[in-house]
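**Q** okay, here's the prediction I keep looking at, along with the sequence it came from:
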Amino acid sequence: MFDKLEDILRKFEDITMELNDPSVISDQNRFRSLMKEQKSLEALVNCYLEYKKCKQAVEDALVMLDEESDPEMKEMLRDELSEAKDRIPQLEDELKILLLPKDPNDEKNVIVEIRAGVGGDEAALFAADMYRVYTRYAERQNWRVETMSVEDIGIGGIKAVSFMIKGNGAYSRLKFESGVHRVQRIPATESGGRIHTSAITVAIMPEVEDVEVEIDMNDCKFDVFRASGNGGQCVNTTDSAVRLTHFPTGIVISCQDEKSQQQNKAKALKVLRAKLYELEQERQHNNEAELRRSQVGSGDRSEKIRTYNFHQGRVTDHRINLTLYKIDQIMDGDIDELIDALIAADQASKLAQQSAV
């Protein structure tokens, strides 16, 4: 491990030197590429430098303890030695995690799809609630949300919604949200006071660049229609909404949030690229079934991942057996504790796999 860390440190230093080269500064593409690479290594390098500093502090303290005769100085050196020794194993654990293979999609924006499942109107109402959860979470992270399409049911519920969250590391934080989210509560539409169980599906897809997924436009058909829902500024007074059909996969995407056909076409193509990329990822994952089963959640939309029980005030994530009694905060977008626990569990799983090899 430490040979690898020394190689990474040298690489980081070489990149830093190269970034100070005037010829590199004038080449913006090269400069941006190096800046991105430097940033990806920064946390690991800082952790390793702190580790080396602690190791050196232990060696220095041991030498000075042998030479020092003053009792007060000896006591101070013992404290420094103890602090450095305690910190070393913590840093070793951090280094192991930082050395785990990175998901190439982690820094990307995400496209989120929420669809009402079983439960009728109550499922649609919960879909609207979860749409708010993710938009509130994005606000807390200072990320930007762009709604792509919404199918509402007229009573405050949503049959389906697609939206993009733009922000550094959005995919790394939200990727474990894919799957079936189940709600148990007394619906606003229920007069008898009985608890109902409903469900929605959430899909989290990384935004995909044009070069990553090629689309043959001969495989696509665009239909235009008049947008529905809240109007204003020509949104539902002209044929600006777009329906994209991809013949090879049967995928159909509707976008109506923008004022022009071209803008809605561009958004529809973004969603199609993300869906095609997701299909390819699923194919690869299915070929690695054993590895997929050992990870925290498969990302399969049919997998029940979480239950929101309003009567008991709890949210339970079934993949890691975590229950939090803070449903009001979670429904207001405070989902960091859930996300951090899932990331930690995923890292632990990967470390266990690495140790077993």
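**A** Structure's in. What do you need?

**Q** tell me where the stretch 251-357 of the chain has helices.
**A** According to DSSP state H, counting those that start in this stretch, the stretch 251-357 of the chain carries its helices in the segments 261-287, 289-294, 327-330, 336-356.

**Q** got JSON lines for the ones you listed, with mean pLDDT and mean neighbour count too?
**A** Using the backbone N, CA and C atoms, a C-beta is placed for each residue, glycine as well. Below are those laid out as JSON lines (pLDDT from 0 to 100; neighbours: other C-beta atoms under 10 Å):
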{"stretch": "helix 261-287", "mean pLDDT": "81", "mean neighbour count": "17"}
{"stretch": "helix 289-294", "mean pLDDT": "45", "mean neighbour count": "11"}
{"stretch": "helix 327-330", "mean pLDDT": "96", "mean neighbour count": "15"}
{"stretch": "helix 336-356", "mean pLDDT": "87", "mean neighbour count": "15"}
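
**Q** right, so of those, which gets closest to residue 218?
**A** helix 261-287 (13.9 Å; C-beta to C-beta).

**Q** circling back: and the helices of the stretch 251-357 of the chain as a markdown table, adding distance to residue 242?
**A** As requested, the helices of the stretch 251-357 of the chain are exported to a markdown table (distance: least, C-beta to C-beta, whole Å):
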| stretch | distance to residue 242 |
| --- | --- |
| helix 261-287 | 4 |
| helix 289-294 | 35 |
| helix 327-330 | 35 |
| helix 336-356 | 33 |
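
**Q** closest to residue 123 out of those helices?
**A** That would be helix 327-330 among the helices of the stretch 251-357 of the chain, by C-beta to C-beta, at 17.7 Å.

**Q** contacts for the closest one, please.
**A** 133, 308-310, 313-315, 324, 338 (C-beta atoms under 8 Å, 6 or more residues apart in numbering).

**Q** top of those residues by neighbour count?
**A** Neighbour tally across these (other C-beta atoms under 10 Å): the maximum, 24 neighbours, falls on residue 315.

**Q** convert the C-alpha atoms of stretch 79-93 to PDB, please.
**A** What follows is stretch 79-93, C-alpha atoms only, in PDB (Å, rounded to 0.1, in the frame of the first residue of the first chain):
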ATOM      1  CA  ASP A  79       1.700  13.400  25.400                       C
ATOM      2  CA  GLU A  80       2.800  14.200  21.900                       C
ATOM      3  CA  LEU A  81       3.900  10.500  21.400                       C
ATOM      4  CA  SER A  82       0.600   9.200  22.600                       C
ATOM      5  CA  GLU A  83      -1.400  11.600  20.400                       C
ATOM      6  CA  ALA A  84       0.600  10.700  17.300                       C
ATOM      7  CA  LYS A  85       0.300   6.900  18.000                       C
ATOM      8  CA  ASP A  86      -3.400   7.200  18.400                       C
ATOM      9  CA  ARG A  87      -3.800   9.100  15.200                       C
ATOM     10  CA  ILE A  88      -1.800   6.700  13.000                       C
ATOM     11  CA  PRO A  89      -4.300   3.700  12.900                       C
ATOM     12  CA  GLN A  90      -7.100   6.200  12.200                       C
ATOM     13  CA  LEU A  91      -5.200   7.600   9.200                       C
ATOM     14  CA  GLU A  92      -4.400   4.100   8.000                       C
ATOM     15  CA  ASP A  93      -8.100   3.300   7.900                       C
END
